[in-house]
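A.B. asks: Kindly generate the corresponding structure for this input.
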Amino acid sequence: MIEIAVIVLASLGFFLSALFALVSMGIVGAQDPRLPAVCRMDERSCASILRSTDARVFGIPNFALGLAYYGGLIMLAVAGDPLMDLMGFLVVVGGFTVVLGIYLTVRLLRVHHVQCGVCFASHFINLLLCVTFLVGL
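C.D. replies: This is a model prediction of the structure:
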């Protein structure tokens, strides 16, 4: 059951990270009509964040970290046992993503004065993943 929750949540996170990657690289426009309405980004707010220093952690674009994190979680969940064996480690990593998400949310609201629904959705997914890992302990 935990594996299914991780696959669903990590797949959503992977999709959002891929969306950020495509917009950041200019492959897809932030307001591309092919995107679901909920995933479209306002050029003056959401998309502008991609050009800020807050769009990187340790010099690596947040979307790249997200793709690696969510992709790794999907592989672990599909494998089954390795996911359960690493649950303690995943709680720590998940906790880090939640703390980072809180920091980035504060920066979005207080420094950039931006309400980015796609960003908030990513942070919420990380919170749900962390709770899932805690349940799996």
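
A.B. asks: now what about the strand or helix carrying residue 68, what contacts it?
C.D. replies: Element membership for residue 68 (DSSP states H and E) is helix 62-79. If you take CB atoms under 8 Å, 6 or more residues apart in numbering as the criterion, helix 62-79 is touched by 2-4, 6-7, 10-11, 13-14, 16-18, 20-21, 24, 55-57, 82-83, 86, 90, 93, 97, 104, 122, 129. C-beta coordinates here come from the backbone N, C-alpha and C atoms, glycine included.

A.B. asks: Quick check: buried residues in the next helix or strand after it?
C.D. replies: Downstream of helix 62-79, the next assigned helix or strand under DSSP H and E is helix 81-85. Buried residues in helix 81-85, counted by 16 or more other CB atoms under 10 Å: residue 83.

A.B. asks: What is helix 81-85 packed up against?
C.D. replies: Under the contact definition 3 or more CB pairs under 8 Å, 6 or more residues apart in numbering; DSSP states H and E, helix 81-85 sits against helix 2-24, helix 62-79.

A.B. asks: what angle do the longest one and helix 62-79 make?
C.D. replies: Think helix 2-24. 150 degrees (axes from the mean of the first three to the mean of the last three CA atoms, to 10 degrees).

A.B. asks: helices or strands up against helix 2-24?
C.D. replies: Under the contact criterion of 3+ CB pairs under 8 Å, 6+ apart, the helices and strands touching helix 2-24 comprise helix 62-79, helix 81-85, helix 117-136.
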